[in-house]
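S.K.: Sequence below, structure please.
(2 chains, ligands or ions: 2)
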Amino acid sequence: MQFKDRFSQVFSKFESGLNGESKLPVHQLRKDALQSFHEASFPTVKDEDWKYTNVSVLADLNFELASSADEALLMPILEKSKYSDENFCHLVFFNGIFQEHLSDIIDQPGVFAGNLKTGLKKYPEVIEKYLGKYATHKDGIFTALNTALMSDGAFIYLQDGKVIEKNIQVIYVNGDKAPVSINPRNLYILGKNAQVKVVEAYEGVEGAVYFTNKVTESIVDANGYFEHILIQDESTSAYHISTTEVDIERQSVLKNYNICFGSAIARNDINGRFNDQYGELTFNGLFIGHGKQLIDNHTLIDHAMPNCQSHELYKGVLGDMSRGVFNGKIYVRQDAQKTNAFQENKTILLSSDAHIDAKPQLEIFADDVKCTHGATIGQLEESQLYYLRSRGIGPELARTMLINAFADDAVQNITIDEVRESVEALIAEKLA
Amino acid sequence: MLLEIKNLRAAIDGKEILKGINLTINKGETHAIMGPNGSGKSTLANVLAGREEYEVLEGEVLLNGKNLLEMAPEDRAREGVFLAFQYPVEIPGVSNTNLLKNALNEIRKYRGEEPLDSMDFLNLIKSKMKLVNMPQDLLSRSVNEGFSGGEKKRNEIFQMAVLDPMLGILDETDSGLDIDALKVVANGVNVLRSPEKSFIVVTHYQRLLDYIVPDFVHVLYKGRIIKSGDKSLALYLEEKGYDWVKEHTDEFMAV
Ligand SMILES: Nc1ncnc2c1ncn2[C@@H]1O[C@H](COP(=O)(O)OP(=O)(O)OP(=O)(O)O)[C@@H](O)[C@H]1O
Ligand SMILES: [Mg+2]
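M.R.: Ligands and ions are numbered 1, 2, ... in the order given. Purely as a prediction, here's the structure:
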């Protein structure tokens, strides 16, 4: 059966299970998205944007919509990946289904951090105003599919001047016996001067086959600060397609860290846009591939306004027969004078069968701008390995030390120590 | 007997550099190796430390009776070999502290000892820093990155002091050091000397040997030790130069 036919069936089942919810305005959005889904074409390697990433395997698998979760199976993974209660509020989803009893919803005047379904009851007009406006169902088949099938996800909303002191960890733990389709939909809205740090983590049962197709929309109003850390450590038999849309207003700062270790095929699209002047975007990425993994990162920073700064650093470590893609688009529009854009991509290949396709893509239409970009590919330095080993350090630890050193500058500016330390531990685990 | 090198021949990229080295070092002895540029001194040092680019063609090296050449570089270090490199590499992103902590704990693990706790580690580091007048900031900086030539050499000796090897090999540690630094470094080595520990000091200059007084001096020439003697050989070389040795090679070889 074709991909579209399969998911049409999935949608019908989904819709019939919605009951009262299908009367909400958001359901019209789903139906429109389904329409777009049918109109969109399934990507092939002939599409420029999917040149290196063949997702035809998705059409061959018999995905069913996830409707339940095996807590005994997922709980240990949650325990392992959960950050401390001291520093974090947790929003937990099993196979995309919100686990209220394992979560800490924040619902205070002007501040909400919880799931989208609950949010819809509390702030329906806010959600209606923003949801699907930044990641639109016209943006390609996967966003359309996510929108058609969206049922829940994280919803974080801060009104003007609000700050959430505790950090928030949104954790998706995925995996089931049968191949399931999971469609998380996250919406983060920060009012003027609002501040929050969010870790959005995707974890999986190793060996489980499933398809996570997530969409996140982040909107940061003037003078806001949003630190957003994506950690993807799904099952290496799973498929993970991630779309993250970012839109910032005057003088806002948004930092996105895209840390990607898991899944058989990972596709990350991160698109940011300056909606006003004096904004600052950081897009950093770290990906580590093994076996036959494919990790494809597509980023776009749209300097639509003058006087903005963007800083992008992507680091990749690829072993075995793994492949990586880095495609970094930067648009500097005609009016965007005094733009300052920096982009760098560095990859280390640990084996001769590993491969990276790196493509910086700068399109600059303004003249008074500062834009730099660079891409390098290399190996671990034998002389450095030898030096460490000559001090008594075994080759595995030596390699880990060098790779950590290489990877570190992509993640060293994460301001939550606990996250930085856990990422470093994860790197060591991945390299062992 | 700590180290026994028997008829060691080694090549790099198919080119034979060491052409039959014989050398025996007893516990507590310090041996100086001198010889002109390109004679194979660093090659010998690296073959002992286990650099994998070198191919051993023939011969045997025993450390405390164990076959050194069969060991991986890290195991040689764990068995007590330390090489202070002629050209220490820079490792951006790995701090000196991190390197030493991992090195110490890997060595301890190999010996069946518990890892050092942070307090003991810090105390050890502090006392060794004092020993070689190591500036504090070099400790937290990335290994050798942006260090001056002299600072790199001092850092090598500092690492050696922390790891406290059975056999310390110093490859031209004196080159690039100013006279004060030379004294400090030499003093650091002398403090480590003991009846249990041995050193190989590779140098071009008699000056270092005024401070680290060797028990034996060897001249390495074209991959062979062509002359051995006591410390007066170094003085002799300083006076007559390697030309004199070269001219008399054939005589030595014949012997
Ligand atoms: N990769 C290589 N291929 C061929 N020859 C090499 C290679 N590496 C080193 N050599 C040669 O090996 C010889 C010995 O070098 P080595 O570094 O051991 O000399 P050395 O005695 O330490 O000299 P110096 O006093 O200048 O430090 C030199 O002639 C050098 O050019
Ligand atoms: Mg040398």
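
S.K.: Pull the contacting residues for A:Asp247.
M.R.: A:134, A:217-220, A:272-273, A:275 (C-beta atoms under 8 Å, 6 or more residues apart in numbering or on different chains). (C-beta placed from N, C-alpha, C; glycine too.)

S.K.: Apply 6 Å and report the result again.
M.R.: A:134, A:219, A:273, A:275 (C-beta atoms under 6 Å, 6 or more residues apart in numbering or on different chains).

S.K.: Just to be sure, the first one is in a helix?
M.R.: So the one you mean is A:Tyr134. No - secondary structure of A:Tyr134 (DSSP: H, G, I helix; E, B strand; the rest coil): coil, not part of a helix.

S.K.: Next, work out how far apart it and A:Ser36 are.
M.R.: Here A:Tyr134 is placed at a distance of 15 Å from A:Ser36 (C-beta to C-beta, to the nearest Å).

S.K.: go on, A:Gly119?
M.R.: Distance, A:Gly119 to A:Ser36, by C-beta to C-beta: 24 Å.

S.K.: what's the burial count for A:Asp107?
M.R.: Using other C-beta atoms under 10 Å in any protein chain shown, A:Asp107 has 11 other residues around it.

S.K.: Kindly state the beta-bridge partners for it.
M.R.: On the basis of DSSP bridges, A:Asp107 is bridged to A:Phe112.

S.K.: what do you get for A:Ile301?
M.R.: When assigned by DSSP bridges, A:Ile301 has beta-bridge partners A:Gly272, A:Ile330.

S.K.: is chain B contacted by stretch A:335-348?
M.R.: No - residues of stretch A:335-348 contacting chain B under C-beta under 6 Å from any C-beta of the partner chain: none, with a closest distance of 11.9 Å.

S.K.: which residues sit against that stretch?
M.R.: Stretch A:335-348 is contacted from outside by A:303, A:305-307, A:309-317, A:326, A:328, A:330, A:332, A:356, A:358, A:360, A:366, A:368-378, A:406, using C-beta under 6 Å, 6+ apart.

S.K.: Among these, which ones are in helices?
M.R.: A:Phe406 (DSSP state H).

S.K.: hmm, which of the contacts of stretch A:335-348 are the buried ones?
M.R.: Buried subset of those (neighbour count, 16 or more other C-beta atoms under 10 Å in any protein chain shown): A:303, A:305-307, A:309-317, A:326, A:328, A:330, A:332, A:356, A:358, A:360, A:366, A:369, A:371, A:375, A:377, A:406.

S.K.: Now go through those and say which are in strands.
M.R.: Counting by DSSP state E, the buried ones among the contacts of stretch A:335-348 place A:303, A:309-317, A:326, A:328, A:330, A:332, A:356, A:358, A:360, A:371, A:375, A:377 in strands.

S.K.: Identify the residue of the stretch 51-200 of chain B closest to ligand 2, quick one.
M.R.: Residue of the stretch 51-200 of chain B nearest ligand 2, by C-beta to the ion: B:Gln86 (4.6 Å).

S.K.: same thing with the stretch 201-350 of chain A?
M.R.: In the stretch 201-350 of chain A, the residue that lies nearest ligand 2 is A:Ile348 (29.7 Å; C-beta to the ion).

S.K.: show me what contacts the residue nearest to that residue when sequence neighbours are not counted?
M.R.: Spatial nearest neighbour of A:Ile348, excluding adjacent residues (C-beta to C-beta, 6 or more residues apart in numbering or on different chains): A:Val317 at 5.1 Å. Residues in contact with A:Val317 (C-beta under 6 Å, 6+ apart) are A:288, A:348, A:403.

S.K.: any idea how far A:Val317 lies from A:Ser81?
M.R.: Taking C-beta to C-beta as the measure, A:Val317 falls 21 Å from A:Ser81.

S.K.: how about the strands in chain B?
M.R.: Going by DSSP E, chain B shows strands at B:3-12, B:15-25, B:30-34, B:54-63, B:66-67, B:81-84, B:91-95, B:142-143, B:167-171, B:198-202, B:216-221, B:224-229.

S.K.: what's the closest of the ones you listed to A:Gln2?
M.R.: Nearest of those to A:Gln2, taken as C-beta to C-beta: strand B:91-95 at 48.3 Å.

S.K.: Counting by contacts, list what the closest one packs against.
M.R.: Strand B:91-95 is packed against helix A:395-411, strand B:142-143, with contacts defined by 3 or more C-beta pairs under 6 Å, 6 or more residues apart in numbering or on different chains; DSSP states H and E.

S.K.: One more pass at 10 Å, please.
M.R.: helix A:382-389, helix A:395-411, helix B:96-110, helix B:137-140, strand B:142-143 (3 or more C-beta pairs under 10 Å, 6 or more residues apart in numbering or on different chains; DSSP states H and E).

S.K.: got a markdown table for those, with distance to B:Leu163 too?
M.R.: Shown next, in a markdown table, are these (distance: least, C-beta to C-beta, whole Å):
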| stretch | distance to B:Leu163 |
| --- | --- |
| helix A:382-389 | 13 |
| helix A:395-411 | 15 |
| helix B:96-110 | 6 |
| helix B:137-140 | 15 |
| strand B:142-143 | 14 |
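
S.K.: For the ones you listed, state which one has the densest average packing.
M.R.: Most buried of those by mean neighbour count (mean count of other C-beta atoms under 10 Å in any protein chain shown) is strand B:142-143; its value is a mean of 22.

S.K.: A:Gly119 and A:Ser36: which is more packed in?
M.R.: Neighbour totals were compared for A:Gly119 and A:Ser36, and A:Gly119 leads with 25 against 19 (other C-beta under 10 Å).

S.K.: Secondary structure class of the more buried one, three-state.
M.R.: helix.

S.K.: Just give the nearest non-adjacent residue to it, would you?
M.R.: Nearest non-adjacent residue to A:Gly119, counting by C-beta to C-beta, 6+ apart: A:Phe155, 3.6 Å away.

S.K.: A:Met401 too?
M.R.: Nearest to A:Met401 is B:Val94, by C-beta to C-beta, 6+ apart, at 5.4 Å.

S.K.: Contacts only, for that neighbour.
M.R.: Shown in contact with B:Val94 (C-beta atoms under 10 Å, 6 or more residues apart in numbering or on different chains): A:384, A:387-388, A:398, A:401-402, A:404-406, A:408, B:102, B:142-145.

S.K.: Mind doing that once more with 6 Å?
M.R.: When contacts are counted by C-beta under 6 Å, 6+ apart, B:Val94 touches A:401, A:405, B:143.

S.K.: repeat for B:Glu60
M.R.: B:Glu60 makes contacts with B:Lys6, as judged by C-beta under 6 Å, 6+ apart.

S.K.: At the contact with ligand 2, which residues of chain B appear?
M.R.: With C-beta under 5 Å from the ion as the criterion, chain B comes near ligand 2 at residues B:41-42, B:86.

S.K.: If we check ligand 1, which of the residues you listed are in contact?
M.R.: By C-beta under 6 Å from any ligand atom, the members of those lying near ligand 1 are B:41-42, B:86.

S.K.: Cross those residues against helices and list the overlap.
M.R.: If you go by DSSP H, those have B:41-42 in helices.
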